[in-house]
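> only geometry, no sequence info:
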């Protein structure tokens, strides 16, 4: 680490424009925790864990609350487009920032291909005269164009995408609440009250099923951290990060836990449609509540959700490549900025896996892509673990230097240690329990490969010639903050 001096925030974010407004960041922070898993994937969790799925989402939300507070502590002091990758670089070492930055990029870049595929399938089910791969290409090109423009365009698209999701969830919560209170007259027989909450037991498949569900739930929350990346391109990053970190808990409680509570009260947990990927939680519940064409309505919401996810993933990937480039952990060209202030090379490179998914779909080989997806299955947990270790080390360094920290992690260091032990325990449990064995194994192998590259980058000081040219701009950790 001694050989690798760190580039300041002013350098690592130089060239990016502050085009995001407060309303953009508010919706970006909301969109970050609302993915297709809420509308579709949560049905599997309910089917396996029963009504106790509420606990799985609540405990998963608690972990995200702690992670966002830790990340918020570092980001408020030093907003940066590289977010946790930059903080890992400074707190742990170059190899750590290199590893988690590239692992995170791989995770989101691969996910973009899947999101485009889902969007293509939905559009093809409505208008079958165009093949799935044609719609995929349309989605990819459209959102690449958006991300090549000024960052405020990304913010506008995310604002409206998120607004559609929020409106859908609020309507679901209102109608569901009315049905629970026996005030919704159009429900099917037996779809009212809280009968199904305990009729077959709160944990019909035992506590082990809840633990397994909890492991899956943690993947649903990935994306909450995107706001700390986006905030670096706002007028007042520290204020926006504080606001997002403080509000994450009510968003999770309202959107996820609230939706799960309504569903398990109104729908039997063993309804086979809950685990059917063409139906899912919202479609099953709204159909039972007598909403006409509920499945198509929810598919529209899911379409906006996956487009939102693709848009955010492309934005985040391009900024991560930009930050890695400025820290000399990626090719210099990845940091090139166009006249709109967009890292255009990062945008184009980040869309490569989505284009690969389009090709595989066109050649009817999309099953090959599933293997790639396994390699990033637990990347979120490694990101969370890195954030926790970074906050632990950086906080101790800053306190030793007498740095004033206004936005602090609670009960430091005990809650930080608790989060670390919980994440490590979750990874071990995944291996032993077996449900997510492949995801943990494949992701760990990819992570170890990137760690090897990161250690080489630190040991042999890759990019040192470029670093000498900016040595006059280097400052130490306390100066960065």
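Looks like it came in fine. As the structure is a computational prediction, the values presented were derived from the model and not from experiment.
> Can you give me the neighbour number for residue 59?
Burial of residue 59, expressed as a neighbour count using other Cβ atoms under 10 Å, amounts to 16. Placement of C-beta: from N, CA and C, glycine included.
> which regions of the stretch 351-481 of the chain sit below the pLDDT cut-off?
Within the stretch 351-481 of the chain, the segments meeting pLDDT under 70 span 464-481.
> how about the helices of it, start to end?
Taking DSSP state H, counting those that start in this stretch as the test, the helices found in the stretch 351-481 of the chain are 352-362, 367-374, 379-400, 414-433, 437-459, 464-469, 477-480.
> dump the residue contacts of residue 259.
Applying Cβ atoms under 8 Å, 6 or more residues apart in numbering, we find residue 259 in contact with 38, 42, 169, 172, 173, 176, 281, 282.
> Could you check which helix or strand contains it?
Element membership of residue 259 [criterion: DSSP states H and E] is helix 258-266.
> by contact count, what packs against the following helix or strand past that helix?
Along the chain past helix 258-266, the next helix or strand (assigned with DSSP H and E) turns out to be helix 281-288. Using 3 or more Cβ pairs under 8 Å, 6 or more residues apart in numbering; DSSP states H and E as the contact criterion, the secondary-structure elements in contact with helix 281-288 are helix 42-49, helix 151-180, helix 258-266, helix 294-326.
> Out of the helices of the stretch 351-481 of the chain, flag the one nearest residue 215.
Comparing the helices of the stretch 351-481 of the chain against residue 215 with Cβ to Cβ, the closest turns out to be helix 414-433 (5.6 Å).
> Need the contact partners of the closest one.
With contacts defined as Cβ under 8 Å, 6+ apart, helix 414-433 is touched by 63, 66-67, 70, 208, 211-212, 214-215, 218, 378, 381, 384-385, 388-389, 391-392, 395, 409, 436-437, 439-441.
> Buried ones among the residues you listed?
A residue is treated as buried here by neighbour count (16 or more other Cβ atoms under 10 Å); on that basis the buried members of the contacts of helix 414-433 are 63, 66-67, 70, 211-212, 214-215, 218, 378, 381, 384-385, 388-389, 391-392, 395, 409, 436, 439-441.
> mind checking the end-to-end distance for stretch 181-197?
14 Å (Cα to Cα, to the nearest Å).
> Buried residues of stretch 269-288, list them for me.
Neighbour counts over stretch 269-288 (16+ other Cβ under 10 Å) mark 269, 271, 273-275, 279-288 as buried.
> Please compute how far it lies from its chain's middle.
Centroid displacement of stretch 269-288 relative to its chain, using Cα atoms, centre = their mean, to the nearest Å, is 24 Å.
> do stretch 427-443 as well
Here the centre of stretch 427-443 is set off from its chain's centre by 20 Å, with Cα atoms, centre = their mean.
> residue ranges with poor pLDDT in this structure?
1-15, 464-481.
> Contacts only, for residue 85.
97, 100, 101, 104, 320, 323, 324.
> any idea which helix or strand comes after the helix or strand that contains it?
Under the assignment given by DSSP H and E, the secondary-structure element containing residue 85 is helix 83-91. Toward the C-terminus, helix 83-91 is succeeded by helix 94-126 as the next helix or strand (DSSP H and E).
> what angle separates that following helix from helix 352-362?
Using axes from the mean of the first three to the mean of the last three Cα atoms, to 10 degrees, one finds that helix 94-126 and helix 352-362 are set 40 degrees apart in direction.
> From the contacts of residue 259, pick the one nearest residue 22.
Set against residue 22, the nearest of those by Cβ to Cβ is residue 169 (21.5 Å).
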